[in-house]
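Trainee: turn this into a structure:
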Amino acid sequence: MAFAGAARRGLRPCLRARTGNGTGVHYRSAAAATALRRPQSTMAKAMDEEDFVAETVDICQEFANKPQTGLSLKQLLQAGLGVRQDQRAAHEETLLQVAKFIHGELPTRIARRVVDLGSIPELRDTESVRYVHRLYAKTFREVLEAPAPDTPEKEASFAAKLQELFDRHTRTPYRMACGAYELKQRLGDNGGEDITETHAHVDSFLTDLHTSRIGLRVLSGQYLALRQSQEDAARRIGLIDLETSPADVAAAAIGDATQICEHAYGVAPAVTVRGCLDRTFAYLPEHLHRMLVELLVNSMRATCEARGGGDGGLPDVKVIIADGASNEDVGIKVSDEGGGMNRRDQERSFSYLFTTADAAVQARVIAEGASGEGPVAGLGYGLPLTRAYARYFGGDMQLISMEGHGTHAWLHLSRVGDASEPLP
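Mentor: Here you go, the predicted model:
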């Protein structure tokens, strides 16, 4: 299997850097070995948080220079089919191979984020980003110290640790959005300059961080989901639904977006769905749901703010699904009549540092916080995150707006193929 082969290949670079019997590891760097031999609880008490992060960054430098192993949606699917084999021995062997691959791959991926989180002066000094930096540093240490999952018992223990780490990072997008908000508050009007231009390097960093995070959660989430029995096992391969219905996912997303809009404005526009409502394809429905909620919330908010004061009611938000046997992509368009954006704002709309929401809306989002993997509406994260999710497996997102009328957002979703992760 492709993923199993990647697991065997992916472990070799890490095995050259460390050796052990599965219960401990030995490092080429004496400083790293000394630091990592101390128990996690002792380390946390023996040094303050800044020293802990700084020491971890030093250890991460070596791992961050190692190559990452990118995977495609097809490889994730093939690995899942292997895990689902009826033969218990074959099932356990494939699961062990996947666990070993992840055990060897995660330190490199996480190390890059630990190093990068300390490389942007403007962001690293914000309270929210310092918190995320500590979180990644702690996670790196725990992954590195986890025994190699080379037996079924150790694989089960590794899975439990991975689930803990997976849950720990659920709110990272919200915290990073708070960090961007803190940066914008600190810069003020930036002397009249456009922050999306003067701080384009911050946008580039945030794009890499969130793209990497998507990859970490897909890799970990797929493995954890494969370990669980699923009610719809005939069509689910871990996170992948072989019969993802854009129409069904859109219906669920409309319900969630409507609740968010009604909470903020007391009302929400209706949504109509047209097009190919009976087609299905293999995809990650949770990803599609997140993208559609973000786009729908944007359209609903714009509609309420632009048309909420009139007597004629709110115009519908429209969703069109385009698919066909010969189509290269599955296409979804979300359209509104919420007044649109001028060309300047449209150019900046994919920046993590830009939002059309007013200051009061942003302050309310910060004060109320965000739960789980829900949308971070109002802080400028919706569109860039949606595009990152769409591009992750070879798709894309585009936006065209007509000032004074409305906006059209297009999702192009790639079918199961060989497009590898766009690893930063």
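Trainee: tell me the buried residues in the helix or strand containing residue 186?
Mentor: Applying DSSP states H and E as the criterion places residue 186 in helix 172-187. Neighbour counts using 16 or more other CB atoms under 10 Å place 172-184 of helix 172-187 among the buried residues. For the C-beta atoms, the positions are set from N, CA and C on the backbone; glycine is no exception.
Trainee: pLDDT of it, averaged?
Mentor: Mean per-residue pLDDT for helix 172-187: 88.
Trainee: that one: how far from the chain's middle?
Mentor: Centroid separation for helix 172-187 versus its chain: 17 Å, with CA atoms, centre = their mean, to the nearest Å.
Trainee: same deal with stretch 389-399?
Mentor: Relative to the centre of its chain, stretch 389-399 is centred 13 Å away, using CA atoms, centre = their mean.
Trainee: ok, stretch 140-160 next?
Mentor: Using CA atoms, centre = their mean, the offset of stretch 140-160 from its chain centre is 23 Å.
Trainee: next, the buried residues of that stretch.
Mentor: Residues 140-144, 146-149, 154-155, 158-159 are the ones in stretch 140-160 that count as buried (16+ other CB under 10 Å).
Trainee: about what we covered before: how about the buried residues of helix 172-187 in CSV, adding distance to residue 53?
Mentor: Output for the buried residues of helix 172-187, formatted as CSV (distance: CB to CB, whole Å):
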residue, distance to residue 53
172, 16
173, 21
174, 21
175, 15
176, 16
177, 21
178, 18
179, 15
180, 20
181, 22
182, 18
183, 19
184, 24
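Trainee: the helices in the stretch 251-400 of the chain, which residues?
Mentor: For the stretch 251-400 of the chain, applying DSSP state H, counting those that start in this stretch gives helices covering 285-307, 343-348, 359-368, 382-392.
Trainee: what sits up against stretch 177-196?
Mentor: Here stretch 177-196 makes contact (CB atoms under 8 Å, 6 or more residues apart in numbering) with 122-123, 126-129, 132, 198-199, 202-203, 206, 348, 351-354, 362, 366, 370, 376, 379-381.
Trainee: got the end-to-end distance for that stretch?
Mentor: With CA to CA, to the nearest Å applied, stretch 177-196 spans 15 Å between its terminal residues.
Trainee: and what of stretch 78-92?
Mentor: Terminal residues of stretch 78-92 are spaced 15 Å apart (CA to CA).
Trainee: from here on, count from 724
Mentor: Yes, from this point I'll number from 724; that puts the last item at stretch 801-815.
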